[in-house]
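Asker: give me a model of this one.
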Amino acid sequence: MGAGSTQTTGTGTADLLAAAGVGFGDEVIVPSYGTTEIADAVRALGAIPVFADIDATSYCLAPASVAEAMTERTAAIVPIDLFGHPADVTALQALAGARPLPVIPHIEQRPSESAGALQRRRSNAAYLDGRLTGVLTPRTAPGAEHRYHSYVVRVPGNGRPDRDAFARALRARGVRCSVPVTTPVHRMPAYARDMTDALREVRLPETERAAEQCLALPVDAGMTRRELHHVASACNALGGLLPYGVAA
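Answerer: Residues are numbered from 1 along each chain as shown. Reported below is the predicted structural model:
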């Protein structure tokens, strides 16, 4: 297997894993916060998806958790650029050291977009950043460039019950919103059932917390300032802000 990083999308993940020599019985470290697409691609090769936790800021694989999940059977790492925030590929590559361990980032497939649309989304995100007080707004890791495919906030309070009630209240006020990840992959029956005893004991606190608290708000490039103001006003009317660092 050759070391390094190659970006891939969709079904190309399985092809690149196979090209890197990943096969039956190998372990591939993947995130649980997201869809089953990557874990499915790993299993299609007869390999074993090993779930690592996410970073609380980027929602991408946390290098420290990946390091803890690595074993002699680890054959590759597949991070995902989630919601438009890039994974820390450099830090993940550094984990391999002298070992030839490929890092194969999976990029969400999306229609091509103009630079103007991207800038407008970022501008809309900045507008909400400066006005939202009822939720915890997204943060971008130092040096990273967020594309805001989704504007994902955290609803402070009592986890999933409060987040779901918050979402219902927003929808009643005409605000489009969605829960980006309802069930982490490692909690899905098809994966939990097939895990070995060791993998079944996996603890992913940031993944679980994100699944319970996160909500995606609209920042479409075509939104008007009036529409964005309505989103902010509706959110702010529903609750107060918990400062970062306070346990939810």
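
Asker: kindly export stretch 110-118 (C-alpha atoms) in CSV.
Answerer: Taking C-alpha atoms only, stretch 110-118 is exported to CSV below (Å, rounded to 0.1, in the frame of the first residue of the first chain):
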residue,chain,number,x,y,z
ARG,A,110,-22.4,18.0,-5.1
PRO,A,111,-23.3,20.0,-8.2
SER,A,112,-20.7,22.4,-9.5
GLU,A,113,-21.0,25.8,-8.0
SER,A,114,-19.8,29.3,-9.0
ALA,A,115,-17.4,31.3,-6.9
GLY,A,116,-20.2,33.8,-6.5
ALA,A,117,-22.6,31.2,-5.0
LEU,A,118,-19.9,30.0,-2.6
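
Asker: quick one: average pLDDT of that stretch?
Answerer: When pLDDT is averaged along stretch 110-118, the result is 88.

Asker: oh, and call the first residue 96 from now on, that's how I've got it
Answerer: Done: numbering now begins at 96, and the last item shifts to stretch 205-213.

Asker: tell me the pLDDT at residue 314?
Answerer: Looking at residue 314, the pLDDT reads 97.

Asker: that one touches residue 247, doesn't it?
Answerer: No - with contact defined as C-beta atoms under 8 Å, residue 314 does not reach residue 247; the gap is 10.1 Å. Yep, even glycine has a C-beta here, placed from its N, CA and C like the rest.

Asker: low-confidence ranges, the chain, go.
Answerer: Residues of the chain meeting the criterion pLDDT under 70: 96-106, 193, 288-296, 334-343.

Asker: can you list the domain ranges for it.
Answerer: Domain ranges of the chain: 99-204, 210-277+304-331, per automatic domain parsing.

Asker: name the nearest residue to residue 190, sequence neighbours excluded.
Answerer: Leaving aside its chain neighbours, residue 190 sits nearest to residue 162 (5.4 Å; criterion: C-beta to C-beta, 6 or more residues apart in numbering).

Asker: er, residue 265 I mean
Answerer: Nearest one to residue 265, counting by C-beta to C-beta, 6+ apart, is residue 272 at 5.0 Å.

Asker: with residue 157 instead?
Answerer: Spatial nearest neighbour of residue 157, excluding adjacent residues (C-beta to C-beta, 6+ apart): residue 150 at 4.3 Å.

Asker: quick one: contacts for that neighbour?
Answerer: Residues in contact with residue 150, defined by C-beta atoms under 8 Å, 6 or more residues apart in numbering, are 156-157, 183, 236, 301.
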